[in-house]
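1. pasting a predicted model and its sequence here:
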Amino acid sequence: MAVLEETALLAGLQQPDTRAQAFDQMVRAYQRVLYYHIRRLVIRHEDADDVLQNTFLKAWRYLDQFRGESALKTWLYRIATNEALTFLNQQKRRAGQDVEDLANDLRHSLRNDRHIEGDEIQLRLQEAILLLPDRQRTVFSMRYFDELKYEEISEVLDVSVGALKASYHHAVRKIEDYLTGVASA
Amino acid sequence: MTHEDQHEREEELREAPLLASLKGREIFRIPEGYLDGQAEGLAALAEEEELLGGAPLLRAAGRHTPFREPEGYFEAHADAWKALEGAPELAAYAPALARAGKGQPFTVPAGYFEALPGRIGAALRPAEARVRPLWQRPALYVALSAAAALALLLWALPRITADPFEQQLAQLSTEELYQALEAESPDETLLLEALSEEDLAYVGRELLDAYDELPGEEWLDEIDTEDLEAAVEGMY
């Protein structure tokens, strides 16, 4: 979204009489990028849909607290990431699952979900990503797929740029190792 | 400088006009920026002195650490991170990942993104519609129920907590009261307090009738002289 558009959108969000309309514009502007960000973390469409709706509902509820100190996109990414990670943690607790079980469950979904269509290497890549710890997965996803700057990811996750670079570096190495291992098997 | 001092200085220089003409001209120059940061530097020195003043060995050891990184460590990581910035470098650094590309296997149901803003808006409306007509508010019905319960309580409370003797009297008919008065001689004070004017008149009439029924002058024997005297005294 262009700077001027975002400025106009923010102005609309701050006025009570234009807030609902501006919010609708905001949903339309960011729904796809946030959906895929969430989807890569929770994998199933139905779960991504729930988390995305919660993300926008929370954004609406806490709109007054958004001071414009960060970009609107960064703020929304932050809410979406927190919602997705909270959702995954709830799933683990509810089912009494450990991390490995949940990863296996999600990998199973990758192969069986009716809303997943991809060639083999795309599926392998997602499998490799699912092997990463949640936080590292989040960093990789935002950097690799969404091409966010490290400074933006730093604002989203409240982690230093140096730590993010290291995290991304490790994630790439693990994914590369997995893909290479699968190719040579 | 006082006025007298100034006058004295002028007198001193009166005989040396050349020197007087040089007054106020400064020939010394300081390097540019020399004074910048002086205050901070002095503060740091003072802090250092405060921290290490009593520890000369620690001061001598300095702040250098003995740790050394492997040769080329930072350069290798810098190259690695730099390589991750763009796709061509990624191909060299992580070829399998580069081959996988950025395509994603995820799909959404048809029309999902077109419908989502409307669904979000619908989900927001119930939370937003806080101003509702009075008759649609559950709080109204709760308040009415509470008011009815309170009224019932106020009506019933005196009846529940009333003196049981008074309750029994209230339930008796006037005739029953009179019979009770005759048969059981209850506490007359309590009875008189409980009886209404109508009841008292009835009791009075019954008593007079009873005296009328007595034969001849027998009724005179029935009169308690003390009661009579008290009644006469009450009349005057």
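-> Done, it's in.
2. use CA for all of it now, contacts and neighbours both
-> Noted.
3. show me what contacts the residue of chain B found nearest chain A?
-> Proximity of chain B to chain A (Cα to the nearest Cα) peaks at B:Pro105, 4.1 Å away. Neighbouring residues of B:Pro105 by Cα atoms under 8 Å, 6 or more residues apart in numbering or on different chains: A:116-119, A:122-123.
4. intersect those residues with the contacts of chain B.
-> Contacts with chain B are made by A:116-119, A:122-123 out of those, judged by Cα under 8 Å from any Cα of the partner chain.
5. now the residues you listed as CSV including neighbour count?
-> Output for the ones next to chain B among the contacts of B:Pro105, formatted as CSV (neighbours: other Cα atoms under 10 Å in any protein chain shown):
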residue, neighbour count
A:Ile116, 19
A:Glu117, 16
A:Gly118, 16
A:Asp119, 12
A:Gln122, 20
A:Leu123, 21
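6. what's the following helix or strand after the lowest-mean-pLDDT helix or strand in chain A?
-> Ranking every helix and strand in chain A by mean pLDDT, DSSP states H and E puts helix A:99-112 at the bottom, with a mean of 78. Next helix or strand after helix A:99-112 toward the C-terminus (DSSP states H and E): helix A:120-130.
7. CA-only coordinates of that next one, as PDB, when you get a sec.
-> This file holds the C-alpha atoms of helix A:120-130, laid out as PDB (Å, rounded to 0.1, in the frame of the first residue of the first chain):
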ATOM      1  CA  GLU A 120       5.900 -32.100  -5.000                       C
ATOM      2  CA  ILE A 121       8.700 -29.700  -4.300                       C
ATOM      3  CA  GLN A 122       6.300 -27.100  -2.900                       C
ATOM      4  CA  LEU A 123       4.900 -29.600  -0.600                       C
ATOM      5  CA  ARG A 124       8.400 -30.800   0.400                       C
ATOM      6  CA  LEU A 125       9.300 -27.200   1.200                       C
ATOM      7  CA  GLN A 126       6.300 -26.800   3.400                       C
ATOM      8  CA  GLU A 127       7.100 -30.000   5.200                       C
ATOM      9  CA  ALA A 128      10.600 -28.700   5.800                       C
ATOM     10  CA  ILE A 129       9.300 -25.500   7.200                       C
ATOM     11  CA  LEU A 130       7.000 -27.400   9.500                       C
END
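8. now do that helix: which elements does it pack against?
-> Secondary-structure packing of helix A:120-130 (3 or more Cα pairs under 8 Å, 6 or more residues apart in numbering or on different chains; DSSP states H and E): helix A:99-112, helix A:161-184, helix B:95-100.
9. where's that helix relative to the chain centroid, distance-wise?
-> In terms of Cα atoms, centre = their mean, to the nearest Å, the centre of helix A:120-130 is set 16 Å apart from its chain centre.
10. what mean pLDDT does it get?
-> Averaging pLDDT along helix A:120-130 gives 89.
11. could you find the closest non-adjacent residue to the residue of chain A found nearest chain B?
-> Relative to chain B, the nearest point of chain A is A:Gly118 (4.1 Å; Cα to the nearest Cα). Closest residue to A:Gly118 apart from its sequence neighbours, by Cα to Cα, 6 or more residues apart in numbering or on different chains: B:Pro105 at 4.1 Å.
12. B:Ala122: neighbour count?
-> 12 (other Cα atoms under 10 Å in any protein chain shown).
13. quick one, what contacts it?
-> Not one residue lies near B:Ala122 by Cα under 8 Å, 6+ apart.
14. that one is in what secondary structure piece?
-> Going by DSSP H and E, B:Ala122 is in helix B:112-128.
15. which parts of that helix are buried?
-> Buried residues in helix B:112-128, counting neighbours by 16 or more other Cα atoms under 10 Å in any protein chain shown, are found at B:116-117, B:120-121, B:124.
16. identify, from those residues, the entry nearest to A:Glu83.
-> Closest to A:Glu83 out of the buried residues of helix B:112-128 is B:Ile120 (16.1 Å), distances taken as Cα to Cα.
17. so A:Glu69 belongs to a strand, correct?
-> No - the assignment for A:Glu69, made by DSSP: H, G, I helix; E, B strand; the rest coil, is coil rather than a strand.
18. for it, phi and psi?
-> Dihedral pair for A:Glu69: phi -70, psi -30, per degrees, to the nearest 10.
19. look up how far A:Ser154 lies from it.
-> 14 Å (Cα to Cα, to the nearest Å).
20. among the two, which residue is more densely surrounded?
-> Here A:Glu69 and A:Ser154 are compared on neighbour count by other Cα under 10 Å; more neighbours surround A:Ser154, at 18 against 7.
21. residues touching that one, list them.
-> So A:Ser154 contacts A:160-161, A:164 (Cα under 8 Å, 6+ apart).
22. how about a cut-off of 10 Å?
-> Residues near A:Ser154 by Cα atoms under 10 Å, 6 or more residues apart in numbering or on different chains: A:74, A:139, A:148, A:160-164.
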